[in-house]
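1. Predicted structure and sequence below. I'll ask about it afterward.
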Amino acid sequence: MNTKKHTISVYAKNNFNALSRIVGLFSGRGFDIDSISFGQGQERGMARITITTHGDEQIIEQITKQLHKVVDVLKVQDLTYEPFVERELALVKVNAPKASRSEIMQIANVFRAKIIDISPDHMTVEVTGSEDKVTAALGMLKQFGIVEVARTGTVALKREFQGKT
Amino acid sequence: MTTSEAATIEKQKSKTARGYQETKGNGNHVTPQRLTGAEIFVRTLEDVGVEKVFGYPGGAVLPIYDHLYQNAKFEHILVRHEQGGTHAADGYARATGKPGVVLVTSGPGGTNTVTGIATANMDSIPMVVFTGQVPSGMIGNDAFQEADIIGITRPITKHSYLVKDVNELENVIREAFHIAVSGRPGPVVVDLPKDMVNSTGVYRGSGKVKIPGYKPVTRGHHSQIAKAAKMLSEAKRPLIYAGGGVNLGDASKELTALAEKTNIPVTTTLMGLGGFPEGKPQALGMLGMHGTWYSNMAITECDVLLAVGARFDDRVTGRLDGFSQKSKKIHIDIDPSCISKNVEVEVPIVGNVKEVLPELTHMVGRPDTDEWWAIIEQWKEEHPLHIPHSDSEITPQYMIEKISEVTNGNALMVADVGQHQMWLAQHYKFNHPRSMLSSGGLGTMGYGFPAAMGAAVGCPDRNVVCVTGDGGFQMTAFELATAVQYRIPVKIAIMNNGYLGMVRQWQELFYEKRYSHTDLQAANPDFVKLAESYGAAGFRAKTPAEMEKVLEQAMEINDRPVVMDFHVVKEENCYPMVPAGAALNEMVEGDK
């Protein structure tokens, strides 16, 4: 079976029932959610939900079809088949005794991450980028001892201008 | 026939094809008015054309019931359990094509509807269930008779609403009916907090439903239909596999026209029975786990398979890697998610079968099927459905054959779930659509009798016969009180073998006859006395001759339900049977 990562963007009404139905159809039908992010959409009362999932073609086709069936869902796009931009944000709180601070800051620099909080024992790093980049940054920070992580999950939009070849 | 029944038939004639009125107000309310939620509820139900509501009162819906007391133009039927109410509304919807309507209270009232809603959802039955709810301010406080019915029913409904603003109530009700009947139909739950029905809000009396993003496709793609027509015209061994969509989409005539023009054999699923008349030469009867030998062989051997409003359910396909491997497949369905879900198809056509079939019939040519028919005729001759006869005992197959004969294949048949359901599907000669109601997807025991009651309420001019088992009937037998109260003349034929027959059959075949908890003989009630205690008619028959006499007597009774307790051969098995996990052509025929 050829499973592949898919990023699916759902434009739906901004209410509990819509969100519960969307999440519920994944659990009820045995589909996986790797990450999900939910926030207000461009119009009042609407929400943009970005879901990353994986599966073979038949499973992904079922996922998009089932999402379409939810009455409160207006639009479903599987971004995987077109150029798209994606970002994830993670806040990573690491152990940061004096001796480690400069190394943590160097690593943060490489990932274009920011230090947004500091205390005598800890630093909190904000990493933004693709899911892969965030995962890589976390991997590098692991050596210092990660105390807590908060990740937003991927948000994504279709890329409009694709340039000329 | 009572005057209200006569009025009902009159009203039915003026109905729109989709069974409810979308934009119609009652004519008098051009300017918006302020009414209580309970009044808005009743008015809007009248506006959308509701004629019957199956319900059960309770604390949270008292304001609505108070308003129903004198004012409603629709009839409220007091069931004896909310499950019976949902099955009755479901039977009403399947028989009439109009949405079934249920009204219950909060908490247990709502939770008791769950089985009926799930049953309707699996079989795509249009239904709107109104549940009372504790007042908005108390939601989440574990209040008396509070249950999160929207949460509980979310996975088994097409859509649901919790009304949070009484000014939205009218629109929500109109949307609920629109969603229930359009596209692939299904149940919708509307949860009504008590303060919503008590407070005052705006009622407009009209309004077109507009739901952004909800636009079910009805017309099929022209080039796909052309491709399908070409494939069918050139086929050597074509087969039509017709499902419940033919009944739900009222496309029986359109399907018959296609089959007659092309002379392609037609096999129907349990849900599709009646959608193609069994009297036609193209009819092969039901396929699947207990389908006819020749349909299962035909679907295994065909080269082009046209699936019409069917969903390749596991009870139909058997083991998937052995299912119709030699065919190219065309699938017409209104729900895109049904296409290529279990079985990959070459030509998907998303659309309403009633609109797609005539277009296909117009384009298709008549394939040369003489050789194919010769093979099928030989299968039919060598492997007919077997009906054992006896002078001393009633065989279940003969019981169905006799009912088919007595009713001329014209009755509105309702099955419960189990062996009797399969025998009914095999041996009754269905000639009309919407004439075999059965819980196909969920397989709900206890469905049959209340569904038959609902069907009879919706079709007072039809002869409604429920075939049930001694097990299934006892699950909802208390609805006899409802049927007696409203003089609903349902004929209930109990195939009484003293067992949970289908489970017993599996125990016999696959568990070395260890009949674990399937024997009901120790405490089956006297069904005749049970019927009589409710004021229904009761008969018993133990021999074929007695049964024939009872059937004659029963058909004469038209003012109350009739219970016929038919003692049949106890350990008869239902064949052919495709064992679980086997392919369709590996079916077992049993002894002859």
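-> Arrived safely. Numbering: from 1, shown residues only, chains lettered A, B, ... in the order given.

2. what about stretch B:483-500, average pLDDT?
-> For stretch B:483-500, the mean pLDDT works out to 98.

3. Now do the buried residues in that stretch.
-> Using 16 or more other Cβ atoms under 10 Å in any protein chain shown as the test for burial, stretch B:483-500 gives B:483-484, B:486, B:488-500. Every C-beta, even on glycine, is put in place using the N, C-alpha and C of the backbone.

4. Widest-spaced pair of these?
-> The span of the buried residues of stretch B:483-500, defined through Cβ to Cβ, is set by B:Tyr486 and B:Tyr499 at 32.3 Å.

5. Just give the closest residue to B:Ser392, not the sequence neighbours.
-> Residue nearest to B:Ser392 in three dimensions, not counting chain neighbours: B:Thr543, with 6.2 Å by Cβ to Cβ, 6 or more residues apart in numbering or on different chains.

6. Over to B:Asn198?
-> B:Pro63 (5.2 Å).

7. Can you name the element that comes right after the helix or strand where that neighbour lies?
-> According to DSSP states H and E, B:Pro63 maps onto helix B:62-71. The C-terminal neighbour of helix B:62-71 among helices and strands, as given by DSSP H and E, is strand B:75-78.

8. which helices and strands does that following strand pack with?
-> For strand B:75-78, the elements it packs on are strand B:52-55, helix B:480-485, judged by 3 or more Cβ pairs under 8 Å, 6 or more residues apart in numbering or on different chains; DSSP states H and E.

9. May I see the buried residues of it?
-> Buried residues in strand B:75-78, defined by neighbour count with 16+ other Cβ under 10 Å: B:75-77.

10. now swap in stretch B:306-321 and tell me
-> By neighbour count on 16+ other Cβ under 10 Å, the buried set for stretch B:306-321 is B:306-313, B:315-318.

11. And stretch A:95-112, what's buried?
-> Residues A:96, A:104-105, A:107-108, A:111 are the ones in stretch A:95-112 that count as buried (16+ other Cβ under 10 Å).

12. ok, the longest strand along chain A: who's next to it in the sheet?
-> Ranked by residue count, the top strand of chain A under DSSP state E comes out as strand A:84-95. Partners of strand A:84-95 in the sheet, by DSSP bridges, are strand A:122-129 (antiparallel), strand A:146-151 (antiparallel), strand A:155-158 (antiparallel).

13. highest average neighbour count across those strands?
-> strand A:122-129 (a mean of 19; mean count of other Cβ atoms under 10 Å in any protein chain shown).

14. mind saving the C-alpha coords of the helix or strand following that one as PDB?
-> Next along the chain after strand A:122-129, taking DSSP H and E as the criterion, comes helix A:131-141. Extracted in PDB, the C-alpha atoms of helix A:131-141 (Å, rounded to 0.1, in the frame of the first residue of the first chain):
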ATOM      1  CA  GLU A 131       6.300  20.600   9.600                       C
ATOM      2  CA  ASP A 132       9.700  19.000   8.600                       C
ATOM      3  CA  LYS A 133      11.600  22.100   9.700                       C
ATOM      4  CA  VAL A 134       9.800  22.300  13.000                       C
ATOM      5  CA  THR A 135      10.500  18.600  13.600                       C
ATOM      6  CA  ALA A 136      14.200  19.100  12.700                       C
ATOM      7  CA  ALA A 137      14.500  22.000  15.100                       C
ATOM      8  CA  LEU A 138      12.900  20.000  17.900                       C
ATOM      9  CA  GLY A 139      15.400  17.200  17.100                       C
ATOM     10  CA  MET A 140      18.300  19.600  17.600                       C
ATOM     11  CA  LEU A 141      16.800  21.100  20.800                       C
END
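
15. Flag every buried residue along helix A:131-141.
-> A:131, A:133-134, A:137-138, A:140-141.

16. With just CA atoms, put the helix or strand where B:Trp372 lies into PDB.
-> Using DSSP H and E, the element containing B:Trp372 is helix B:370-382. Extracted C-alpha coordinates of helix B:370-382, given in PDB (Å, rounded to 0.1, in the frame of the first residue of the first chain):
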ATOM      1  CA  ASP B 370     -28.800 -14.500 -26.500                       C
ATOM      2  CA  GLU B 371     -25.900 -16.600 -25.400                       C
ATOM      3  CA  TRP B 372     -25.800 -15.000 -22.000                       C
ATOM      4  CA  TRP B 373     -29.500 -15.600 -21.500                       C
ATOM      5  CA  ALA B 374     -29.000 -19.300 -22.500                       C
ATOM      6  CA  ILE B 375     -26.500 -19.600 -19.700                       C
ATOM      7  CA  ILE B 376     -28.700 -17.800 -17.200                       C
ATOM      8  CA  GLU B 377     -31.700 -19.900 -18.100                       C
ATOM      9  CA  GLN B 378     -29.700 -23.000 -17.500                       C
ATOM     10  CA  TRP B 379     -28.600 -21.800 -14.000                       C
ATOM     11  CA  LYS B 380     -32.200 -21.000 -13.300                       C
ATOM     12  CA  GLU B 381     -33.300 -24.400 -14.300                       C
ATOM     13  CA  GLU B 382     -30.600 -26.200 -12.400                       C
END
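
17. Pull the residues that contact that helix.
-> Helix B:370-382 is contacted by residues B:236-238, B:263, B:265, B:284, B:293-294, B:297-298, B:301 when judged by Cβ atoms under 8 Å, 6 or more residues apart in numbering or on different chains.

18. So which of those are in strands?
-> Reading strands off the contacts of helix B:370-382 with DSSP E, I get B:238, B:284.

19. B:Gly207 and B:Asn497: what is the separation?
-> Taking Cβ to Cβ, to the nearest Å as the measure, B:Gly207 falls 54 Å from B:Asn497.

20. B:Asp559 contacts B:Tyr486, doesn't it?
-> No: using Cβ atoms under 8 Å as the test, B:Asp559 is too far from B:Tyr486 to be in contact (10.8 Å).

21. Next one, pLDDT for the most centrally placed residue in chain B please.
-> Closest to where the C-alpha atoms of chain B average out (Cα atoms, centre = their mean) is B:Leu437, at 4.3 Å. At B:Leu437, the model reports a pLDDT of 98.

22. ok, now which ones touch it?
-> B:91, B:94-95, B:412-415, B:451-452, B:455.

23. next one: phi and psi at it?
-> The phi and psi torsions at B:Leu437 (degrees, to the nearest 10) take the values phi -100, psi 130.

24. for B:Val350, same thing?
-> Main-chain torsions, B:Val350, degrees, to the nearest 10: phi -90, psi 120.

25. With B:Lys326 instead?
-> The phi/psi pair for B:Lys326 (degrees, to the nearest 10) reads phi -90, psi 0.

26. Can you lay out the contacts of B:Leu437 as CSV showing secondary structure, neighbour count and pLDDT?
-> Formatted as CSV, the contacts of B:Leu437 follow (DSSP: H, G, I helix; E, B strand; the rest coil; neighbours: other Cβ atoms under 10 Å in any protein chain shown; pLDDT from 0 to 100):
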residue, secondary structure, neighbour count, pLDDT
B:Gly91, helix, 32, 98
B:Arg94, helix, 29, 98
B:Ala95, helix, 24, 98
B:Leu412, strand, 25, 98
B:Met413, strand, 30, 98
B:Val414, strand, 34, 98
B:Ala415, strand, 29, 98
B:Ala451, helix, 37, 98
B:Ala452, helix, 32, 98
B:Ala455, helix, 28, 98
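
27. Tell me the one among the residues you listed nearest to B:Lys215.
-> B:Arg94 (25.4 Å).

28. Touching, that closest one and B:Ala451? I think so.
-> Yes: look at B:Arg94 against B:Ala451 with Cβ under 8 Å: they come within range, at 7.4 Å.

29. so who does the residue of the stretch 1-150 of chain B found nearest chain A touch?
-> Closest residue of the stretch 1-150 of chain B to chain A, Cβ to the nearest Cβ: B:Ile150 (6.8 Å). Each residue near B:Ile150 by Cβ under 8 Å, 6+ apart is listed here: A:17, B:160-162, B:189, B:191.
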